[in-house]
Every structure is written in C-alpha cells, then in structure tokens.
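*Asks:* sequence first, predicted coordinates after that:
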Amino acid sequence: MALRIKSASDLIPEQGGQPVRSIVITTWRSGSTFVGDILNIPPGSFYHYEPLADFGFKQVRSGADAAQASHNLRHFLTCNYTDLDHYLKYSNKEKWPLRHNSPLWKFCNNSHLCRKPEFLSQFCSLFPFQTLKAIRLRLNLTKELLEDKQLGVQVLLLVRDPRATMQSRKHRKWCPGNPDCDNPAHLCQDLVDDYNTAIDFRREFPQSFKFVRYEDVSFDAYNKTKELFNFFHLSYDSRAVKFLDSHTGKPMSSSQGKYSTARDSKTAPIHWRSDLNWDDVDAIQKVCNKALSLWGYELAKDKEHVRKFDPVGKLG
C-alpha cells in the first residue's frame, strides 16, 4: 500500500503532516540493532531507540507496567515528551538510548537540551520518518496502536531462534540474575504468546502488521530489506545497498565490538551451534520445543548433529 502525499510537508509533524511511523517489536539479542539500523538509513529518520529502557531488565506483558508502557510509546510516536520524566532522567544519565539517534545526539552530548521536553518535542516533530524499537514490550500490547488509524503505525515482529538468543545473552554481563533475560522458559513462552498474537494480527491488520525471522533477513539481506522497506513505506535506494554491502558478508573483527552490526550474515545467525555446549542446547530445547516448532526451527538430535545441521526450517 503506497503513501499518498503531495509534498514532503505532508510527512512532517511540525508542518501538520503525518509521519511514517515504524515499530519493531522483539527482545534482547534478537537482531533488532541490525534491523533498526536498516530502517534508519533514509534521511529524515528519527530513531526512538529502546524507549522503554528505563523499565529495567524485564518484559512488559500486562498490568500497570503495560498501561504505562503503552502511554509512553504513544507519546514518543507523536513527539510528545511531556510526562516522560522518568525516561528523560534515565536516558540523560545513561546516554546510550540517545546516542543511537544521530541527529539528536549532536545536541545531547554536551548540553542540557535533551533534558527539556519542549526541545525534544519540537525537534522530533521535524522528522518525517519515526522509527521505534521496543525490546521490552510483548506484541499484544501494540493492538491499540494498530487500531488507531490516525496514528497509522506499521508494526514488525522480529523473532530469532531462542538457542541463538540465549547464546548471545551469555556474553552480556547485565543478563544473569534477571529471569526475563537468563531463563529460556520465559523467552520461549513469550515466543509462543507472540506467535499466537501474530496470527491474529496478520488477519486483523494485513496491511500494517508483519513478522519476520532474523535468520531470514540475514540469509537474504538484500531481498528481505527490500520487502521491509516496502512494508514500512521507505525507498530502497543506493544508500540501503551501500549499508548492506558494508554490514553483511564479512566476519566481525575484534575491534568492532560486541554490539557492532557488521558481520558475516550467512554464518552469524547459526554461530550458536559451535558456541553452546550440548547440555545447554538440550536444556533450551526441552523448555522451548513448542516455540521452536511454531516458528519453524529444527531440533538438534545430539552433540554431533548440532554442529552440522540446518536449524532454520520452513515457516508456515
């Protein structure tokens, strides 16, 4: 479904326009940094990077946290930074949520402007492309946003093989001791719940909801990026090709760091096969059997099989 605009001002909130609003829903270490960076290739992008970071290392599923999270997301998507004091205090102290928004970070690094809701609201309103990545919110909580036709959001659910996700989380010092991060049973129950919601959403919101596996994006980066750009009403051009040329098809060097998105996209998603020992793989599979099956991932049979099998099966 193409956008119907007569001029650039039709997309700029500050000029009374309706911006392109894109949401990526996933969880920690599931490929969202790479996908988020892809969606921020077009000029004029404003990146709401992990806007629920101040909620801590937990998943928001229901209750008071869910109500607050939904309230906050609507404020971010409409460039309304009033009543976001807790987030502003956190982001200005920790800095990293702001650092990923390149246009904004120029004003945040050495000033107090990014503590001021008035500045943030006005600055955000200059951008025609509003991208939001949430890794602490489960998919069911986006329904109200999808139902709001005036808001006009496009929602992508990004999933990854839980064995790969758990392998990646092992190397993060902030994960141990937080059950929503270090317990595969929590992760896989969320994957099951998100799958059930995704099937409903695909029927209810066929034009504004989509799901994709990280492995499929990695294995076929150029074609899948074209698909994502089309879904999000973005223009796939030479900038996207240049980004993919520099971020796929090559091994990650030690100097790039663990959060770099430049890597060999053909092997990185299945690196867990050699990094996890069999006991870890077996333990994850026992609590994730249903999630793996629903999302089209194959089971490893034993410690010899796990090193050579193709874990990414067909997704129905």
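*Replies:* Looks like it arrived, so ask away.
*Asks:* quick one: the helices in the stretch 51-200 of the chain?
*Replies:* Assignment of helices within the stretch 51-200 of the chain using DSSP state H, counting those that start in this stretch yields the ranges 63-77, 85-94, 96-99, 102-108, 117-124, 143-147, 162-169, 179-182, 184-204.
*Asks:* show me where the stretch 151-300 of the chain dips below the pLDDT cut-off.
*Replies:* In the predicted model of the stretch 151-300 of the chain, residues 249-264 satisfy pLDDT under 70.
*Asks:* which residues in it form strands?
*Replies:* For the stretch 151-300 of the chain, the strands defined by DSSP state E, counting those that start in this stretch cover 153-159, 209-213.
*Asks:* redo those strands as a markdown table? Include mean neighbour count.
*Replies:* For every residue, glycine as well, the C-beta is placed using N, CA and C. Formatted as a markdown table, those follow (neighbours: other C-beta atoms under 10 Å):
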| stretch | mean neighbour count |
| --- | --- |
| strand 153-159 | 24 |
| strand 209-213 | 21 |
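*Asks:* distance from the chain centre to stretch 13-25, please.
*Replies:* 17 Å (C-alpha atoms, centre = their mean, to the nearest Å).
*Asks:* swap in stretch 304-316?
*Replies:* For stretch 304-316, the distance to the chain centre is 24 Å (C-alpha atoms, centre = their mean).
*Asks:* end-to-end on that stretch?
*Replies:* 28 Å (C-alpha to C-alpha, to the nearest Å).
*Asks:* how near is the residue nearest the centre of the chain to E94?
*Replies:* Centroid-nearest residue in the chain, with C-alpha atoms, centre = their mean: S32, separated by 3.7 Å. Applying C-beta to C-beta, to the nearest Å, the value for S32 to E94 is 18 Å.
*Asks:* possible to save the strands of the stretch 151-300 of the chain as JSON lines with distance to K290?
*Replies:* JSON lines is the format used below for the strands of the stretch 151-300 of the chain (distance: least, C-beta to C-beta, whole Å):
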{"stretch": "strand 153-159", "distance to K290": "14"}
{"stretch": "strand 209-213", "distance to K290": "16"}
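*Asks:* which one of those strands lies nearest to D65?
*Replies:* strand 153-159 (19.4 Å; C-beta to C-beta).
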